[in-house]
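Novice: for reference, the sequence and a predicted model appear below.
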Amino acid sequence: MTVIAALRCGEGVILGSDSQETRGMRGRRLGRRTQKVYVARKGFLLGWAGAQDVAQIFALRLRCAEGLSAGDDRLEVRRRLNEIVAGLRGDPSIDGRSDHLELFVAWWARRENRPVALHMLSGGAAEWVSGWAFGGVALGVERASFATSGLGYADPGGLSLEAGKVLALKVIRDTIEATVEGVGGGVQMGVLRETGPQLLSMGDLRALHDTVDLWEARCRELLIDGSERAVS
């Protein structure tokens, strides 16, 4: 199970997820680390939730798709991506497993000179990401959406990419810490900017965690100070 978040701001797109794959029956699930955010091919960042093997097949077909470029018209890119998803649905070797796949694909639309992200479901539905978008297990999506409700002062369109990474990390971290079954492990994150997609290193993520820790510590200090003033 997975929770994955997409945040589109003026400078780019951030994709983040938990890192745990779970298998087995409810109450007897086994978890292991798996990669859920990829640089799928030159110019494209991919995040997935659902059946891992189907997501890997999608990533392989995206990587091998002839003539597909981030420089194409974004509607043409969307059409090509939809063709890949339709091919998965029609592949008898993966049968019903292709019904359980959710994808975020981000690229820099060269003709429009702006970042775009597409939220795709294996059933064929797709929508452009504007601001925040979430995918994965239903309870995880609900918790992640709730986590952003207190961040209404931060307009995604006006955020820098650095600020967006901090907010995305906090939202995913809060969702993981809410003990949603099947969601766990560390946070994975990738960013898409004009220069292309990039996965964040462990060092980059550690620095972001430190920033979120300081933010939360400051919030606690303000709450404690406010409570003491109210009592006095």
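Specialist: Nice, I can see it.
Novice: mind listing what's buried along stretch 107-123?
Specialist: 107-109, 115-122 (16 or more other C-beta atoms under 10 Å). C-beta: built from backbone N, CA, C; applies to glycine.
Novice: could those be laid out in JSON lines, adding pLDDT?
Specialist: Putting the buried residues of stretch 107-123 into JSON lines (pLDDT from 0 to 100) gives the following:
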{"residue": "Trp107", "pLDDT": "97"}
{"residue": "Trp108", "pLDDT": "96"}
{"residue": "Ala109", "pLDDT": "94"}
{"residue": "Pro115", "pLDDT": "96"}
{"residue": "Val116", "pLDDT": "96"}
{"residue": "Ala117", "pLDDT": "97"}
{"residue": "Leu118", "pLDDT": "97"}
{"residue": "His119", "pLDDT": "97"}
{"residue": "Met120", "pLDDT": "95"}
{"residue": "Leu121", "pLDDT": "90"}
{"residue": "Ser122", "pLDDT": "82"}
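Novice: check these and tell me the two furthest apart.
Specialist: Trp108 and Ser122 (25.2 Å; C-beta to C-beta).
Novice: show me the shaky parts of the chain.
Specialist: 1, 22-31, 98, 179-181, 225-232 (pLDDT under 70).
Novice: residue boundaries of the strands in it?
Specialist: Counting by DSSP state E, the chain has strands at residues 3-9, 12-17, 20-23, 30-33, 37-41, 44-50, 101-109, 114-121, 126-128, 132-136, 188-193, 196-199.
Novice: distance to Phe146 added to those, as TSV?
Specialist: Shown next, in TSV, are the strands of the chain (distance: least, C-beta to C-beta, whole Å):
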stretch	distance to Phe146
strand 3-9	12
strand 12-17	17
strand 20-23	20
strand 30-33	23
strand 37-41	22
strand 44-50	18
strand 101-109	19
strand 114-121	19
strand 126-128	21
strand 132-136	10
strand 188-193	20
strand 196-199	27
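Novice: deepest of those, which one?
Specialist: Comparing the strands of the chain by mean neighbour count (mean count of other C-beta atoms under 10 Å), strand 12-17 ranks first with a mean of 29.
Novice: burial count for Ser201?
Specialist: 10 (other C-beta atoms under 10 Å).
Novice: in the protein, spot the helix with the most residues.
Specialist: Taking DSSP state H as the criterion, the chain has its longest helix at helix 202-231.
Novice: show me what that helix is packed up against.
Specialist: Secondary-structure packing of helix 202-231 (3 or more C-beta pairs under 8 Å, 6 or more residues apart in numbering; DSSP states H and E): helix 161-177.
Novice: tilt between the helix it packs on and helix 202-231?
Specialist: Orientation check (axes from the mean of the first three to the mean of the last three C-alpha atoms, to 10 degrees): helix 161-177 against helix 202-231 gives 80 degrees.
Novice: domains in the protein, by residue range?
Specialist: 3-200, 201-232 (automatic domain parsing).
Novice: burial of Leu151, as a residue count?
Specialist: 13.
Novice: that one: what's it in contact with?
Specialist: 167, 171 (C-beta atoms under 8 Å, 6 or more residues apart in numbering).
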